[in-house]
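Novice: one predicted model, sequence on top.
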Number of protein chains: 2
Amino acid sequence: MIETDISNLWGAISFPDLMAMEERLSAAHKTLSEGTGAGNDFLGWYHLPSGTTEKELDEIQKAANRIRRNSKALVVIGIGGSYLGARAAIEFMNGTMHNDTAPVKIYFAGNHLSTRALNEIVTRLENVDFSINIVSKSGSTMETAVAARMFRWLLNRKYGPDGAKERIYVTTDPEKGKLRAMTREEGYTSFPIPANVGGRYSVFTACGLLPMAVAGIDIRSVMAGARQAEKELDLRSMENPAWLYAGARNLLYENGKKIEMLCSYEPNFEYVGRWWQQLFGESEGKDGKGIFPACAQFTTDLHSMGQMIQQGERNMFETVVRFAPDSRELSIEKDWKNMDDLNYLAGKTVSYVEENAFQGVVTAHVDGGVPVILLKCGAMDARTLGYLLYFFQLSCGISAYTLGVNPFNQPGVEAYKKNMMTNLGR
Amino acid sequence: MIETDISNLWGAISFPDLMAMEERLSAAHKTLSEGTGAGNDFLGWYHLPSGTTEKELDEIQKAANRIRRNSKALVVIGIGGSYLGARAAIEFMNGTMHNDTAPVKIYFAGNHLSTRALNEIVTRLENVDFSINIVSKSGSTMETAVAARMFRWLLNRKYGPDGAKERIYVTTDPEKGKLRAMTREEGYTSFPIPANVGGRYSVFTACGLLPMAVAGIDIRSVMAGARQAEKELDLRSMENPAWLYAGARNLLYENGKKIEMLCSYEPNFEYVGRWWQQLFGESEGKDGKGIFPACAQFTTDLHSMGQMIQQGERNMFETVVRFAPDSRELSIEKDWKNMDDLNYLAGKTVSYVEENAFQGVVTAHVDGGVPVILLKCGAMDARTLGYLLYFFQLSCGISAYTLGVNPFNQPGVEAYKKNMMTNLGR
């Protein structure tokens, strides 16, 4: 379902060097699947697609249906892995402007400390029935906790304590933490983030699935895609597209390519890019190592970053994710005056132009010294989404072990939190 | 109005080294102001704030008022510098969700070749009175031309040729190009992008100002801020915040910092970041040189990129843009059960927490080996916006000449276009 096309890398890395990675990739995959490496208490994601029961999905769908019945808006309160997967999926499936037309608007809060941005959401809830979904594994993340207290307060004022309870959904650790304790005390509807699933690997838990279901996405199709990936990508050979991706990017890094740009030609892909940025950046950026993950939208950003990609420092490579064209094609009409000189394209589709632009970009960038990895995916649908997200998770685990770091910890993110708590008198 | 705080750079660069930049910065500024350097036929932006007449602003405002009277949506059709400034300004002033509540929704098209994304806009225009603003200096940019032909066709079907004409606004070269010829032929309302103003320096022409005015932004305040910047930043000494910024980033680059992250704590700043990315990336990314410009939103991205910033490769620095808090403060309420353990913050504001987070982040990142340049701005308003955009334009010109490249050309962006045109049979 995904093909990793490495035919635009030669010059930057050699075929024998890539094939010689096989042993390291095989060892990394084995370390993951047998749970013998650093961070092996966070491998719950590995069999999450096949291990999630119909009953668990039913419960998520039931809660989503209730929200869709009694709410015109859902505020998802979470940061990092507690919102990026959900937002990525919703924009991928329903578009960046999904709230314009959705029966239930989805707002993301608790992922910053901006008073302005909080006020903007609160304003939009004034005369609207809404529910909230508090998402935090630890239950003590500051951004999320502050916003959760505020939105709980608003719900209490609007619906009274009993009414509010029916509109608060919690996704957190099944046993531990302040948010779990609050959930028990108050009797909120809740969903578990298994203790052995880290934030950036949690998209296939209720973290991702509940908001997706509220947005009307078929979560069973998403999980079917993920299950297919879990099965197919277990392949132990250089035929595995995850091995090729993990191997190629490590070799490029070893050869001085310090920046990876994840590019797509679909504006709706943007937050999948941000989710990917956390996945790889947080998994690999440690011990003074790690590729810097950046995102770009083409052709959009060819008119901003294109110059630098073509002729700036030669320290970057691209990973381009390609999807099949939209089923509703747009044709370029004939114009008898032809003042814009486009009649040579009359009768052609926009996606025909796009495909030719894409081909032209690959050639130009490779000529300019920027190697291009192509990830060829299928239709831009729920199944592809599930497959692709799992593909990236697996590739990341393999890639980080190949790099020689623990893919599952994030010791560096505590530094600013510690300073902040000290500043706040804690 | 802007202060460049360099007190968090020591260790990465030395004070004597920075002061020793004075001569190079002075020379670069002189090259700009006297127009003696490479690309000196593109210096029209330099005196644009003071050189724009009341009459010109009146005409833009008049067109905007007409659009606001007869349209519920404006489609801005442009790519790169032909939309980033407008989008940056509108999100900065009216928020990322501005279309939710605006009397005239602003859609951005012509900045990609995605059929899906085009379909999404077309769907939203079905039963809505709308106008379009075609923005292209050359008039022959593919993405823009394809979308312009489509939306002109839609307007013709909906309003007939005469009605459509009243709803098409063109911003392009005053004399040359296909779009100017079409404008003459059809009698569209039009605005000039002066021949000596490049796309990424065009925000203070109608490129930026017309969409801003339609969005209800006071363009005279924006221009007042820019005029103030033009005047104040003419200062020829190391007191000039633009010199400090340009000097510090060049020194950091010379010392191996290859990536600059522009960070703010305001989600509404995001597209100012993208505008900045084009400004600096396209101006400096050439001849195998140039800092890679990346954007981050804090505290949001501390939960995705924070780990890598703290402990990954030590090849980056941060430029953090700070604004005064929102005038409508949000207080943290007391909760008698205190299950989330936040009562120690009861009565405090969210911006108090944010300020402490910000301080904690600076300390953590500097401790981790990531130098931080602070740009302290005032309130998040139209005047600050105008000042800040001009500040970045001037800093970029000075910085690129200091780096030794032509800040005003973009020879590399033609490569993919040439390939695309060949592929399309042209």
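Specialist: Looks like it arrived, so ask away. Residues are numbered from 1 along each chain as shown, chains lettered A, B, ... in the order given.

Novice: so does stretch A:249-263 get close to chain B?
Specialist: Yes - using C-beta under 8 Å from any C-beta of the partner chain, stretch A:249-263 reaches chain B at A:258-259. Bear in mind the C-beta positions are built from the backbone N, C-alpha and C, glycine included.

Novice: the helices in the stretch 251-400 of chain A, which residues?
Specialist: With DSSP state H, counting those that start in this stretch as the criterion, the stretch 251-400 of chain A has helices at A:270-284, A:306-311, A:350-367, A:382-403.

Novice: apologies, that question was intended for the stretch 51-200 of chain A.
Specialist: Using DSSP H, counting those that start in this stretch, the helices of the stretch 51-200 of chain A run over A:54-70, A:84-94, A:115-124, A:142-165, A:178-186.

Novice: please identify the deepest-packed of those helices.
Specialist: Scoring the helices of the stretch 51-200 of chain A by mean neighbour count under mean count of other C-beta atoms under 10 Å in any protein chain shown gives helix A:84-94 as the most buried, with a mean of 26.

Novice: tell me the contacts of A:Val104?
Specialist: A:67-68, A:71-74, A:214-216 (C-beta atoms under 8 Å, 6 or more residues apart in numbering or on different chains).

Novice: closest to A:Pro103 among the residues you listed?
Specialist: Of all those, A:Pro103 sits closest to A:Arg68, with 6.7 Å by C-beta to C-beta.

Novice: and the nearest residue to the closest one once chain neighbours are set aside, what's its pLDDT?
Specialist: Sequence neighbours aside, A:Val104 is the residue nearest to A:Arg68 in space, at 5.5 Å (criterion: C-beta to C-beta, 6 or more residues apart in numbering or on different chains). A:Val104 is assigned a predicted lDDT (pLDDT) of 98.

Novice: how many neighbours does A:Ser331 have?
Specialist: Neighbours of A:Ser331 under the rule other C-beta atoms under 10 Å in any protein chain shown: 13.

Novice: same question for A:Ser7.
Specialist: By other C-beta under 10 Å, neighbour count at A:Ser7 equals 10.

Novice: if I pick the residue lying closest to it once chain neighbours are set aside, what's in contact with it?
Specialist: Leaving aside its chain neighbours, A:Ser7 sits nearest to A:Leu374 (7.9 Å; criterion: C-beta to C-beta, 6+ apart). Applying C-beta under 8 Å, 6+ apart to A:Leu374 gives the contacts A:3-8, A:319-320, A:322, A:362.

Novice: next: A:Ser264.
Specialist: Shown in contact with A:Ser264 (C-beta under 8 Å, 6+ apart): A:272-273, A:297-298, A:320-323.

Novice: quick one: the strands in the stretch 101-250 of chain A?
Specialist: For the stretch 101-250 of chain A, the strands defined by DSSP state E, counting those that start in this stretch cover A:105-109, A:130-135, A:168-172, A:189-192.

Novice: with mean neighbour count and distance to A:Arg314 as added columns, please give those in a markdown table.
Specialist: Rendered in a markdown table, the data for the strands of the stretch 101-250 of chain A read as follows (neighbours: other C-beta atoms under 10 Å in any protein chain shown; distance: least, C-beta to C-beta, whole Å):
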| stretch | mean neighbour count | distance to A:Arg314 |
| --- | --- | --- |
| strand A:105-109 | 23 | 37 |
| strand A:130-135 | 29 | 41 |
| strand A:168-172 | 26 | 44 |
| strand A:189-192 | 20 | 47 |
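
Novice: out of those strands, nearest to chain B?
Specialist: Closest approach to chain B among the strands of the stretch 101-250 of chain A is made by strand A:105-109 (8.3 Å; C-beta to the nearest C-beta).

Novice: so that closest one versus helix A:142-165, what angle?
Specialist: Angle of strand A:105-109 versus helix A:142-165, following axes from the mean of the first three to the mean of the last three C-alpha atoms, to 10 degrees, is 140 degrees.

Novice: strand A:105-109 versus helix A:115-124: what angle between them?
Specialist: Using the same axes, to 10 degrees: strand A:105-109 against helix A:115-124 is 150 degrees.

Novice: partners of strand A:105-109 in the sheet?
Specialist: Using DSSP bridges, strand A:105-109 pairs in its sheet with strand A:73-77 (parallel).

Novice: what's the partner strand in contact with?
Specialist: Contacting residues not belonging to strand A:73-77 are listed as A:67, A:83, A:86-87, A:104-110, A:121, A:124-125, A:128-136, A:144, A:147-148, A:151, A:211, A:214 [C-beta under 8 Å, 6+ apart].

Novice: for the record, mean pLDDT for that strand?
Specialist: 98.

Novice: what does stretch A:320-330 give?
Specialist: Averaging pLDDT along stretch A:320-330 yields 95.

Novice: and that stretch, how far apart are its ends?
Specialist: Stretch A:320-330 has an end-to-end distance of 23 Å (criterion: C-alpha to C-alpha, to the nearest Å).

Novice: likewise for stretch A:65-77?
Specialist: For stretch A:65-77, the separation between the terminal residues is 19 Å (C-alpha to C-alpha).

Novice: ok, now which ones touch the closest residue to chain B within the stretch 301-426 of chain A?
Specialist: Closest to chain B within the stretch 301-426 of chain A is A:Met308: 2.5 Å, counting by C-beta to the nearest C-beta. Applying C-beta under 8 Å, 6+ apart, we find A:Met308 in contact with B:281-282, B:284-286, B:290, B:292-293, B:412.

Novice: and it, what pLDDT?
Specialist: pLDDT at A:Met308 comes out at 96.

Novice: what's the answer for A:Asp367, then?
Specialist: Per-residue pLDDT puts A:Asp367 at 95.

Novice: go through stretch A:355-366 and flag the buried ones.
Specialist: Across stretch A:355-366, burial judged by 16 or more other C-beta atoms under 10 Å in any protein chain shown covers A:355-358, A:360-366.

Novice: from chain B, how far out is the nearest residue to A:Met212 once chain neighbours are set aside?
Specialist: Leaving aside its chain neighbours, A:Met212 sits nearest to A:Ala89 (4.9 Å; criterion: C-beta to C-beta, 6+ apart). A:Ala89 sits 16 Å away from chain B, going by C-beta to the nearest C-beta, to the nearest Å.

Novice: residues contacting A:Ala89?
Specialist: Contact partners of A:Ala89, counting by C-beta under 8 Å, 6+ apart, are A:203, A:208, A:211-212, A:215, A:217, A:222, A:385, A:389.

Novice: swap in A:Lys105?
Specialist: Neighbours of A:Lys105 in contact, by C-beta under 8 Å, 6+ apart: A:72-74, A:99, A:124, A:128.

Novice: if we only consider these, which is nearest to A:Leu233?
Specialist: A:Leu74 (32.2 Å).

Novice: the closest one and A:Ile90, how far apart?
Specialist: 11 Å (C-beta to C-beta, to the nearest Å).

Novice: now for the two: what residues contact both?
Specialist: Contact criterion C-beta under 8 Å, 6+ apart; residues shared by A:Leu74 and A:Ile90: A:106, A:211.

Novice: tell me which residues touch the closest residue to A:Pro267 other than its chain neighbours, please.
Specialist: Leaving out its chain neighbours, the residue that sits closest to A:Pro267 by C-beta to C-beta, 6+ apart is B:Ala117, at 4.5 Å. By C-beta under 8 Å, 6+ apart, the residues touching B:Ala117 are A:95-96, A:266-268, B:109.

Novice: from the residues you listed, which is closest to A:Tyr344?
Specialist: Out of the contacts of B:Ala117, the member with the shortest distance to A:Tyr344 (by C-beta to C-beta) is B:Ala109, at 21.7 Å.

Novice: thinking again about what came up before, could you dump the strands of the stretch 101-250 of chain A to TSV with distance to B:Lys176?
Specialist: Listed next are the strands of the stretch 101-250 of chain A as TSV, based on distance: least, C-beta to C-beta, whole Å:
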stretch	distance to B:Lys176
strand A:105-109	45
strand A:130-135	53
strand A:168-172	58
strand A:189-192	61
